[in-house]
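Asker: pasting a predicted model and its sequence here:
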Amino acid sequence: MAEQVFKAVVNDTDPSSGGKSYAVDISGSNYNHFLGKKIGDDVDGIFIGDGEKSLGGFKLQITGGSDLTGTPMRADLDGGGRKKVLVSPSSGFKGHKIVKKKGGRYRYTYDGLRRRRAFRGNVISSDTRQINLKVIESGNKSLSEIFSAGGGEDSAEADSAE
């Protein structure tokens, strides 16, 4: 059996960064740390990344995720399984119909349009493949310095040379 892995997408909330996101794989004992956590829980950054690319000193909040098929997690559903929910336009349902006529495609929005959609619950389980995180508290370095190609060592040497 293959090793279980989460893909963590870390969103930098610092306005100077321009809202960039960084993808990191989570595996091993760090994988087990996330099992059972819910959307809205805070986690320590030390469990994300390894070695030089560890986010030690960062505090992160879980904002969502999805499973292998792309089914999104929803904060208002309990548990970690798939559930079919009747939803009006919101997260996971855009609320419009695409109609083809006269050689073109037109988008119509109707009042009261609802649809039954499948969602995952708010608990991270072994079926979850992607976790979305946002930075609450920053560490010593910025995320762009940590995740740049050779950023960790080069920037430290540059600072000591000055």
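Answerer: Done, it's in. Numbering: from 1, shown residues only.
Asker: what's near enough to touch the residue nearest the centre of the chain?
Answerer: Geometric centre of the chain, nearest residue: residue 132, 1.2 Å, by C-alpha atoms, centre = their mean. Counting by C-beta atoms under 8 Å, 6 or more residues apart in numbering, residue 132 touches 9, 11, 62-65. Heads up, the C-betas are built off the backbone N, CA and C, glycines and all.
Asker: got it, and residue 128?
Answerer: 6, 65-67, 73, 80, 120.
Asker: tell me the phi and psi of it?
Answerer: Per-residue torsions, residue 128: phi -70, psi 140 (degrees, to the nearest 10).
Asker: ok, residue 69 next?
Answerer: Residue 69 adopts backbone torsions of phi -90, psi 0, taken as degrees, to the nearest 10.
Asker: ok, and what's touching stretch 64-76?
Answerer: Contacts of stretch 64-76 (C-beta under 8 Å, 6+ apart): 39-40, 82, 85, 91-92, 118-122, 124, 127-132.
Asker: just to revisit the earlier point, in a helix, the residue nearest to the centre of the chain, correct?
Answerer: No: Residue 132 is assigned strand when assessed by DSSP: H, G, I helix; E, B strand; the rest coil, not a helix.
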